[in-house]
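Asker: Next come a sequence and a model predicted from it.
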Amino acid sequence: MTTNPKRLLGAATALGLTLAISACAEEGGGKDDSATGDGVAYGAPLEDWKAAFADVDPITVNAQSSAPEGSPVGKMYEDYFKEVEEWSDGKITFEIAFSNAVAETLEVDDALRDGRLDMGNVLYVYEADQYPFNAALGDASFIGDQAPAINPLQLHGAMNQIALESDQFASELEEQGLVPILPWFSGDANGIECSEARSSMADFKGVQTVAAGRVNSLELKALSAAPVSMPYTELFEALQRGTVDCSLNSMRVASLMGLIDISPNFTIDETVGLSKTPGGWLVSKNFWDELPLVAQQLLFDKSRTILDVNITGSTQFQVDGLAAIQEAGGTVSPFSNDAREALEGAHAEALDAMAADSKIEDGAALVSELESKTDEWASKVRDLGFDGEVGFADFSAWHEENGFDLTEYLDTLYDDVVSKHRPS
């Protein structure tokens with residue numbers, strides 16, 4: 001029986017174009033002159049935070065979630081709000097606009113600047129002229145080890161470290177009146193979902209495939225497919241009616257929109273990946289500058305909750321989706337050698353363009369850093385015990401047996417990298 005996607009429309013809308021921290025703190029936790037009051041040491045217990053907030057006036061944050069209330073897609077935001085409220089002893093509370101009620105996806109940064117929102121998710125890749133460095137980190141998200149147990153941890157570690165340690169990253173956002181709480185986060189790996197199994201260049205030749213993002217279009221053209229742009233809320237009917245043949249998306253999208261019933265074949269590779277559409281969890285600089293230091297620190301430190309829930313949730317969507325495909329009699333296939341080579345060529349072209357981009361202060365250095373940092377984080381993740389040999393076809397069984405506990409990984413990222421950039 002075919003799943004009706006209309007009951008999932010709110011969650012699908014939340015993904016919308018997703019398919020399609022303190023920036024003013026100095027390196028190493030330097031003094032932020034706009035913050036007032038005493039701070040709290042990194043890693044301090046709950047009672048220390050509550051004590052620090054004892055004399056702080058109540059603070060209301062106007063925040064937006066892209067998802068409906070209670071949706072698994074928005075759980076990372078809702079858990080973050082609850083953590084901040086608890087650890088501030090109720091002094092920080094949130095007025096939450098669900099389902100992009102205040103600003104559509106591409107207007108969130110405008111709403112942060114004009115005061116309609118204090119906090120929200122901005123997708124840099126769709127406004128590359130305003131955020132060239134930030135958009136580059138999204139465009140390059142095909143890079144690195146593609147093993148399903150390694151890739152999301154590697155990318156979130158490398159991209160957030162590069163962002164936090166980059167002068168251009170901070171200045172670019174500051175010029176737009178924005179402050180990053182969590183610079184970079186993304187969903188599970190993208191693949192190409194079709195009604196029939198496809199793997200080779202010949203299989204994809206001329207196939208109309210829905211995708212979002214300029215690098216995704218470059219990837220599809222390299223495969224000789226025909227990129228199609230459409231709202232993802234229309235995707236189910238387009239695939240069902242044969243208006244389009246395939247969709248480049250993640251398992252989260254496939255699951256939420258009920259696509260597995262009509263397109264139960266997924267091409268995803270452990271060797272070569274497809275670009276994602278990451279975002280950043282940002283705050284209005286005008287709002288930020290009025291906060292006491294302890295509030296800035298708490299909002300910054302608790303970004304760990306967003307990252308934890310985002311990665312574990314996205315991974316669970318991937319696990320469940322891959323299992324559902326196999327149960328539906330579909331296939332989980334890698335790309336053939338000719339398709340891999342074509343995609344690798346497209347990725348080399350994208351990195352060459354990034355290296356030559358005059359809007360990036362040193363594009364060649366950025367490309368080099370992307371390559372070295374992703375290698376470094378892949379090694380760290382493997383050292384933490386995550387299996388880099390298990391492929392997508394076997395990932396569901398591996399995940400069920402081993403779980404996906406991120407405690408040590410997040411300790412490594414936040415203790416060694418993120419904490420050095422917290423407001424102080």
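Answerer: Thanks, I have it. Note that the structure is predicted; figures quoted are calculated from it, not measured.

Asker: Look up which helix or strand Val253 falls in, please.
Answerer: helix 251-256 (DSSP states H and E).

Asker: Helix or strand next in line after that helix, which one?
Answerer: Beyond helix 251-256 toward the C-terminal end (DSSP H and E), the next one is strand 265-267.

Asker: And the contacts of that following strand?
Answerer: Residues outside strand 265-267 that contact it (Cβ atoms under 8 Å, 6 or more residues apart in numbering) are 191-199, 251, 254, 321-322, 325, 330-335. Bear in mind the C-beta positions are built from the backbone N, C-alpha and C, glycine included.

Asker: hey, where'd the helices end up in the stretch 201-350 of the chain?
Answerer: In the stretch 201-350 of the chain, the helices defined using DSSP state H, counting those that start in this stretch lie at 201-204, 214-222, 235-241, 251-256, 285-289, 293-301, 303-327, 337-355.

Asker: quick one on the thing from earlier: so how far is the helix holding Val253 from its chain's centroid?
Answerer: 15 Å (Cα atoms, centre = their mean, to the nearest Å).

Asker: Could you list every helix and strand in contact with that helix?
Answerer: Contacts defined by 3 or more Cβ pairs under 8 Å, 6 or more residues apart in numbering; DSSP states H and E place helix 251-256 against helix 9-19, helix 303-327.

Asker: What's the first helix or strand after the shortest one?
Answerer: For helix 9-19, the following helix or strand on the C-terminal side (DSSP H and E) is helix 46-52.

Asker: hey, which helix or strand in the protein has the poorest pLDDT?
Answerer: helix 9-19 (a mean of 39; mean pLDDT, DSSP states H and E).

Asker: how close does Phe287 sit to Phe98?
Answerer: 20 Å (Cβ to Cβ, to the nearest Å).

Asker: again, but for Glu174
Answerer: 29 Å.

Asker: now Ile192
Answerer: 31 Å.

Asker: Looking at those two, which is more packed in?
Answerer: Ile192 (32 against 20; other Cβ atoms under 10 Å).

Asker: The residue lying closest to Ala163 once chain neighbours are set aside: which element?
Answerer: The shortest distance from Ala163 to any residue other than its chain neighbours is 3.7 Å, reached at Pro183 (Cβ to Cβ, 6 or more residues apart in numbering). Taking DSSP H and E as the definition, Pro183 sits inside strand 178-185.

Asker: Give me the angle between that strand and helix 303-327.
Answerer: Computed by axes from the mean of the first three to the mean of the last three Cα atoms, to 10 degrees, the angle separating strand 178-185 from helix 303-327 equals 30 degrees.

Asker: ok, strand 178-185: who's next to it in the sheet?
Answerer: strand 279-284 (antiparallel) (DSSP bridges).

Asker: Using CSV, write out the CA atom coordinates for the strand it pairs with.
Answerer: Provided in CSV are the C-alpha atoms of strand 279-284 (Å, rounded to 0.1, in the frame of the first residue of the first chain):
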residue,chain,number,x,y,z
GLY,A,279,23.2,25.0,7.9
GLY,A,280,24.4,27.1,10.9
TRP,A,281,22.5,27.8,14.1
LEU,A,282,22.9,31.5,14.4
VAL,A,283,21.9,34.4,16.7
SER,A,284,21.3,38.1,15.9
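
Asker: What are the contacting residues of it?
Answerer: By Cβ under 8 Å, 6+ apart, strand 279-284 touches 18, 21, 108-109, 112-113, 115, 117-124, 134, 173, 177-186, 299, 303, 306.

Asker: Mark which of those residues are buried, thanks.
Answerer: Buried members of the contacts of strand 279-284, counted by 16 or more other Cβ atoms under 10 Å: 18, 21, 108-109, 112, 117-124, 134, 173, 177-186, 299, 303, 306.

Asker: about what we covered before: now the strand holding Pro183, how far from the centre of its chain.
Answerer: The answer for strand 178-185 is 11 Å, by Cα atoms, centre = their mean.

Asker: C-terminal to that strand, what's the next element?
Answerer: Using DSSP H and E, the helix or strand that follows strand 178-185 towards the C-terminus is strand 190-194.

Asker: Show me what that next one is packed up against.
Answerer: By 3+ Cβ pairs under 8 Å, 6+ apart, strand 190-194 packs against strand 246-250, strand 265-267.

Asker: So for Gly385, which of those sits nearest?
Answerer: Smallest distance to Gly385 across the helices and strands packed on strand 190-194 (Cβ to Cβ): 24.7 Å, for strand 246-250.

Asker: Grab the CA positions of the closest one and hand them over as CSV.
Answerer: Coordinates of each C-alpha in strand 246-250 appear next as CSV, following Å, rounded to 0.1, in the frame of the first residue of the first chain:
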residue,chain,number,x,y,z
CYS,A,246,14.7,9.9,-9.4
SER,A,247,15.6,12.2,-6.5
LEU,A,248,18.9,13.1,-4.9
ASN,A,249,18.1,13.1,-1.2
SER,A,250,18.8,11.5,2.2
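
Asker: Just give me how far it sits from the chain centre.
Answerer: On Cα atoms, centre = their mean, the centre of strand 246-250 falls 16 Å from that of its chain.

Asker: Kindly calculate the angle that that strand makes with strand 190-194.
Answerer: 150 degrees.

Asker: Quick one: list the elements packing against strand 246-250.
Answerer: Packed against strand 246-250 by the contact rule (3+ Cβ pairs under 8 Å, 6+ apart) you find helix 9-19, strand 190-194, strand 208-210, helix 214-222, helix 235-241, helix 303-327.

Asker: tell me the contacts of the nearest residue to Gln146 once chain neighbours are set aside?
Answerer: Spatial nearest neighbour of Gln146, chain neighbours left out: Gly273 (4.5 Å); criterion: Cβ to Cβ, 6+ apart. Listed by Cβ under 8 Å, 6+ apart, the contact set of Gly273 reads 141-144, 146, 151, 189-190.

Asker: Repeat that for Glu349.
Answerer: Contacts of Glu349 by Cβ under 8 Å, 6+ apart are Leu218.

Asker: got a pLDDT number for Lys31?
Answerer: Per-residue confidence for Lys31 comes out at a pLDDT of 35.

Asker: Revised request: answer the last question for Pro231.
Answerer: We have a pLDDT of 84 for Pro231.
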